[in-house]
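Asker: predicted model, plus sequence, below.
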Amino acid sequence: MRLAEVVATSAVVASTRSRKAKVAALAQALARAEPDEIETVTAYLSGALRQRRVGVGWRSLMELPEPAGSPSLGVAEVHDRLEEISRFTGAGSQAARSAAVAELFGRATAEEQSWLRGAITGELRQGASDALVQDAVAAAAGVTVAQVRRAAMFAGATLPVAVAALSGGAAALAEFRLQVGRPVLPMLASSAPDLDGAWEKLGGGRAPLAVDHKLDGIRIQAHKDGDRVLLVTRSLEDITDRLPDVVAVVRALPAERVVLDGEALALGPDGRPRPFQETASLTSTGATAAAAVPRPGAITPYFFDLLLRDDADLLDAPASERWRHLEELVPTAQRVPRLLTDDAEAARAFLAGAIAAGQEGVVVKSTDAPYAAGRRGSAWVKVKPVHTLDLVVLAVERGSGRRRGWLSNIHLGARDPETGGFVMLGKTFKGMTDEMLAWQTERFEELATERDDWVVHVRPEQVVEIAFDGIQRSTRYPGGVALRFARVLRYRDDKTAGEADTIDTVRSFLTAG
DNA sequence: GTTCGGATCTC
DNA sequence: ATCGTAG
DNA sequence: CTACGATGAGATCCGAAC
């Protein structure tokens, strides 16, 4: 198949908001793919490449060669070229990479160039990605969407499933099942503003619910097959070599085969969790580096679910049954603290205990739900305490895409009583309704002092109430601290900038946790 | 050898 | 990661 | 209820420039 066909399909998909029309266009293109191109075409229709990383980003694609007059690129050839580009390493690799990129783009038409750029940077914005392509695979192969999704959950990816569906139909899809050593997409949680909200979402405690500590580390899925251990992250990246401590724990479990879900984090000498930054740092340096450098604490795993034990596939079993196996197999010290209760009061106390222990919050779980891999199901509801501050807007960035024409991303400052000025702490674009965007665009145009292509600086007069999850140490911002997951709650016209929170108040969150 | 920018991963 | 919008 | 899109901070790794 020619790349031009994919590009034309992408244009059709982007031009309509109707999901049915998007799926129909994607299915038509899929049906035209040659058997040996199905993986590439499926990936490209979802706007993704098959390479996990190419080593080329938006910056390298700012300047492109003259586009070709007519299309000539084939889909398979593009994939081969990108594979070569992704493999360059060592001195001179950047030059070789950029020469190869120029060569590839020089053979693309203007439309193909812009599609390629979008696919490489992940900013195609055609309003369809994996989920709609799965629908299209089902339509093109004459199978149900549920069959495709189920297979994709076991495969941890859509591409092999597309190949199976289009070449072998429903029978081929039925071959996919949970296997040790083959990562599945992790189940995700929805969220609630507080414990009562979570309680209500899960039926108000008519049946007992589980309340798990929510640990602030990185998600790990552990596979054990005899002595062999595989650890993957939430995005299914293999991190086995970076977590030798966790590998040892998993290898020692008294089962031949096991698949576990959990969280790994760094502990201090006092047994309390270290800040997330430390966990991230320790898990991203390799095993040798970590062993060579004195560490304040090892990376410790805490498991909260068990998907497979020896020959029992427990994905569809009720949570209570999975947890029973988990408790039999994994020592308490390596399990996430959990309370089973039908009493909201007890659950609130458990949440308070989690916070006091330095954890992030809790996840409330139904005891009878199956493990819904890859879905943000309603069977798990997370609750994290929210902090708020009244900050001052220092500047605004121009929006793009859907927010083009609006002033969107605001720069946030805290008051500095010593200088009488303001210290920047971060930015946010979250929590703004279209109505707020319209209002703030007008407001900040009024307050504008200087403007460039991207940023409009404003007089520091507008106070905004910001919600956030916590404070991190920062080398980027002058105050030495930054907000984690800041979002706008509301603009405050009842407060002046002189009444905004101070940088000292912000810093006090660092020690208070 | 040190510093800086880009890419890619975590949350 | 969070959040708002649209289907 | 689900999927999508617009974007946040920090850390490391690698290569290039100084």
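Answerer: Thanks, I have the structure now. Given the structure is predicted, the values throughout are model-derived calculations rather than measurements.
Asker: now do the contacts for the closest residue to DNA strand B within chain A.
Answerer: Checking chain A residue by residue against DNA strand B with Cβ to the nearest atom of the strand singles out residue A:57 as nearest, at 2.4 Å. All C-beta spots, glycine's among them, are computed from the backbone N, C-alpha and C. Residues near residue A:57 by Cβ atoms under 8 Å, 6 or more residues apart in numbering: A:120, A:121.
Asker: the stretch 1-150 of chain A: helices as residue ranges?
Answerer: Taking DSSP state H, counting those that start in this stretch as the test, the helices found in the stretch 1-150 of chain A are A:3-15, A:19-32, A:38-45, A:75-87, A:93-106, A:110-121, A:130-141, A:145-155.
Asker: hey, which of the ones you listed is tucked in deepest?
Answerer: Mean neighbour count (mean count of other Cβ atoms under 10 Å) peaks for helix A:38-45 among these, with a mean of 25.
Asker: follow-up on the earlier one: quick check on the residue of chain A closest to DNA strand B: phi, psi?
Answerer: Residue A:57 adopts backbone torsions of phi -130, psi -170, taken as degrees, to the nearest 10.
Asker: and the gap between it and residue A:80?
Answerer: For residue A:57, the distance to residue A:80 (Cβ to Cβ, to the nearest Å) stands at 21 Å.
Asker: now swap in residue A:338 and tell me
Answerer: According to Cβ to Cβ, residue A:338 and residue A:80 sit 50 Å apart.
Asker: ditto for residue A:68
Answerer: When distance is defined by Cβ to Cβ, residue A:68 is 18 Å away from residue A:80.
Asker: ok, now residue A:232?
Answerer: Summarising the geometry, the distance separating residue A:232 from residue A:80, computed by Cβ to Cβ, is 27 Å.
Asker: circling back: take the helices of the stretch 1-150 of chain A and write them to JSON lines, including distance to DNA strand C.
Answerer: As requested, the helices of the stretch 1-150 of chain A are arranged in JSON lines below (distance: least, Cβ to the nearest atom of the strand, whole Å):
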{"stretch": "helix A:3-15", "distance to DNA strand C": "12"}
{"stretch": "helix A:19-32", "distance to DNA strand C": "4"}
{"stretch": "helix A:38-45", "distance to DNA strand C": "18"}
{"stretch": "helix A:75-87", "distance to DNA strand C": "23"}
{"stretch": "helix A:93-106", "distance to DNA strand C": "26"}
{"stretch": "helix A:110-121", "distance to DNA strand C": "15"}
{"stretch": "helix A:130-141", "distance to DNA strand C": "10"}
{"stretch": "helix A:145-155", "distance to DNA strand C": "14"}
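Asker: mind putting those helices into JSON lines with distance to residue A:507?
Answerer: Converted to JSON lines, the helices of the stretch 1-150 of chain A look like this (distance: least, Cβ to Cβ, whole Å):
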{"stretch": "helix A:3-15", "distance to residue A:507": "46"}
{"stretch": "helix A:19-32", "distance to residue A:507": "47"}
{"stretch": "helix A:38-45", "distance to residue A:507": "46"}
{"stretch": "helix A:75-87", "distance to residue A:507": "43"}
{"stretch": "helix A:93-106", "distance to residue A:507": "40"}
{"stretch": "helix A:110-121", "distance to residue A:507": "36"}
{"stretch": "helix A:130-141", "distance to residue A:507": "42"}
{"stretch": "helix A:145-155", "distance to residue A:507": "44"}
